[in-house]
Each structure stands twice: as C-alpha cells, then as structure tokens.
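# requesting a structural model of the entry that follows:
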Amino acid sequence: MINSYAGLDDVGVAIAAARAGADVVRNLYGQGLTRIDKGAGDFATAADVEAEKAILGVIRTARPDDAVLGEEGGQQGAADAVRQWLVDPLCGTLNYAVGNMLVAVNVGLRDGAAAVADPFSGEVFFTDGETARVRQNGADTQLAPTPATQLVDVNLDPPFPSAPGLRAVDLLAHPGFVERFRPRVVSTTLALAWVAAGKRAAYVTDGGDLSGSVHFAAGIAVCRAAGCVVTGIDGAPIGQAGRGLVVAADAETHGLLMSMIRSRS
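Numbers count the residues shown, from 1 in each chain. Predicted coordinates:
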C-alpha cells in the first residue's frame with residue numbers, strides 16, 4: 001500500500017481517497033446498517049465510519065504529516081496546519097439509509113486539490129486547483145458548466161441561520177423562480193458537482209461560513225475550477241464574511257437568483 005500511493009500528487013491522493021471511500025459506500029449499500037445517533041436528528045451509519053477509515057488510510061499512507069478534519073473522526077493533527085484535508089465520507093446519509101443512491105464522497109485539501117466521488121455512477125469530479133474534470137471508465141473529461149437544464153438544487157435542510165430574513169425554501173415561492181427555473185432537492189452536495197458538470201444550473205443553501213466545511217469544501221473547489229460563479233447568499237465571497245452558498249453555472253443565472261434572494265429577504 002505504501003508504494004501504491006507514494007508517487008501520487010495531491011490531486012491523485014484526493015481521487016484515490018475519494019474512490020476508496022466510494023468503494024466502501026457502494027459495497028455496504030442495502031445492508032440495513034444500524035444508525036449511530038449524533039443528536040438533533042442527525043445520524044451516521046457504519047458506512048460513514050468505514051468509508052472515512054478507508055479515506056484516512058489513503059491520506060495517512062500518502063501524506064502522513066498532513067492534518068485531517070473528518071465528518072466522523074473530527075480533527076486529527078493541528079487545526080491550523082498549513083496542509084489539512086477535509087473529509088466527508090458519505091454526504092447524503094439519510095438518502096443512503098433509505099435506499100436512495102444520491103450520495104457523494106468528498107475529499108479536499110484546504111485551498112488545493114479536491115475530489116467528489118459518486119459511488120454509484122462511478123464518476124469522480126476533481127480539480128488540481130486550476131482545472132476541473134470528471135473521470136469515468138478511465139477517461140477524463142473537462143467539466144463544462146451550463147444553465148441549459150434550468151434545474152436549481154435548493155438545500156432545505158436545517159439549520160437556518162439567516163431566518164427570518166431568508167430561508168432557502170422562500171426562494172421557491174418567488175414568482176420569478178418558477179418562471180425561469182425548476183427546483184430540485186437532491187439532499188447531498190453531489191448537486192454541487194452537478195453544477196460544475198452542467199447537470200444543474202445552480203445550487204443554493206443557507207448556512208454560515210461553508211468554505212471550510214467538510215460537506216462543501218470539495219464541491220466548492222471543483223465548481224470554482226470549472227468556472228462557476230460562487231458566492232454567499234448575500235453575494236459576498238464565501239469565507240468569514242459570507243454566509244451560505246449560491247453556485248451558478250454562469251453570471252446571468254447567478255444574478256437572477258441573487259435578485260430573487262434579495263427580494264425575499
């Protein structure tokens with residue numbers, strides 16, 4: 001195992017780690033896994049835990065000195081480390097637990113390479129920090145975002161830190177939204193990768209600073225490298241000053257959504 005990962009660059013590590021997690025998720029699918037309560041209605045399964053172990057196995061072998069922040073295992077290594085990997089081993093746990101295959105495995109190096117794996121389609125969306133591609137069946141294709149589908153994924157999961165000023169659900173009641181777009185609720189950050197790939201026109205979620213979130217960091221990196229417009233729900237750059245996330249395939253779509261969000265808030 002040591003020799004198999006030693007020569008990989010960062011994007012190679014991200015892809016290998018995401019694939020390792022995706023293999024676990026796919027292999028454990030449909031096995032009636034016990035739920036591990038995390039409070040506030042959230043839970044994990046053995047697939048979440050085992051997938052994270054597989055991901056960490058790759059990172060620890062390839063980059064033993066790097067820090068890791070995992071959804072299940074928490075912080076390992078210095079929180080302020082220059083090199084830190086952000087790991088969400090199974091985004092869409094509720095989907096997965098009820099037999100829905102809309103899930104993602106997210107692995108990203110903070111401010112660097114990232115990969116989002118779809119365990120069931122076999123696609124791995126990835127970036128080296130500059131370009132964004134999708135790998136499937138051994139072939140790499142450059143990602144090309146487009147608003148052509150007019151499908152907008154809206155995350156309706158709590159918490160709602162911007163309420164009562166705005167909740168993402170409010171966007172669906174805007175008359176201009178239904179005239180131009182069609183809502184979708186995938187309930188996983190796989191939808192972020194789909195914006196980069198042209199399968200969605202945009203993605204909208206409320207929230208705090210999501211730039212360092214294990215759920216969103218890899219998808220944000222892929223979208224940015226693909227050329228998507230990425231801001232907070234207030235239109236500001238994401239980060240400590242930004243809240244939530246609006247990712248659009250192009251500037252026109254982003255502008256339309258921002259005008260609707262501002263009118264609702």
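# rest of the way, CA atoms for contacts and neighbours
OK.
# can I take it that E130 is in a helix?
No: assigned with DSSP: H, G, I helix; E, B strand; the rest coil, E130 falls outside any helix and is coil.
# next up, phi/psi of the spatially closest residue to it that is not a sequence neighbour, please.
Nearest non-adjacent residue to E130, counting by C-alpha to C-alpha, 6 or more residues apart in numbering: A225, 5.3 Å away. Backbone torsions of A225, given as degrees, to the nearest 10, read phi -70, psi -30.
# show me where the stretch 51-200 of the chain has helices.
Taking DSSP state H, counting those that start in this stretch to define them, one finds helices in the stretch 51-200 of the chain at 93-97, 168-171, 175-180, 190-197.
# circling back: could you list which residues are in contact with the residue nearest to E130?
For A225, the contact set (C-alpha atoms under 8 Å, 6 or more residues apart in numbering) comprises 127, 129-132.
# which of those are buried?
127, 129, 131-132 (16 or more other C-alpha atoms under 10 Å).
# turn the contacts of A225 into TSV, including pLDDT.
Formatted as TSV, the contacts of A225 follow (pLDDT from 0 to 100):
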residue	pLDDT
T127	98
G129	93
E130	95
T131	97
A132	98
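# how far away is the residue nearest to E130 from A115?
12 Å (C-alpha to C-alpha, to the nearest Å).
# hey, what's in contact with both of the two?
Joint contacts of A225 and A115 (C-alpha under 8 Å, 6+ apart) are T127.
# buried stuff in stretch 73-84?
83-84.
# tell me which of the buried ones among the contacts of A225 is nearest to T253?
The nearest member of these to T253, counting by C-alpha to C-alpha, is A132 at 20.3 Å.
# for the closest one, list each beta-bridge partner.
Following DSSP bridges, A132 is listed with bridge partners T127.
# swap in the one 10 residues further on?
With DSSP bridges as the criterion, Q142 is bridged to R133.
# L172: neighbouring residues, count only.
16 (other C-alpha atoms under 10 Å).
# ok, back up a step: most tightly packed of the helices of the stretch 51-200 of the chain?
helix 190-197 (a mean of 28; mean count of other C-alpha atoms under 10 Å).
# so the spatially closest residue to F126 that is not a sequence neighbour bridges to which residues?
In this structure, F126 finds its nearest non-sequential neighbour in A115, 4.2 Å apart by C-alpha to C-alpha, 6+ apart. Here A115 sits in beta bridges with V107, F126, as judged by DSSP bridges.
# which helices and strands does the longest strand anywhere in the chain pack with?
The single longest strand within the chain, with elements called by DSSP state E, is strand 84-91. Here strand 84-91 touches helix 10-28, helix 46-62, strand 67-70, strand 104-109, going by 3 or more C-alpha pairs under 8 Å, 6 or more residues apart in numbering; DSSP states H and E.
# just checking: what are the partner strands of that strand?
strand 67-70 (parallel), strand 104-109 (antiparallel).
# from the middle of its chain, how far away would that strand be?
How far strand 84-91 lies from its chain's middle: 9 Å, per C-alpha atoms, centre = their mean, to the nearest Å.
# dump the residue contacts of A173.
Counting by C-alpha under 8 Å, 6+ apart, A173 has no contacts.
# that older thread, format the helices of the stretch 51-200 of the chain as TSV; extra columns: distance to L56 and mean pLDDT.
Output for the helices of the stretch 51-200 of the chain, formatted as TSV (distance: least, C-alpha to C-alpha, whole Å; pLDDT from 0 to 100):
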stretch	distance to L56	mean pLDDT
helix 93-97	19	92
helix 168-171	33	82
helix 175-180	41	90
helix 190-197	21	98
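# okay then, goodbye and thanks.
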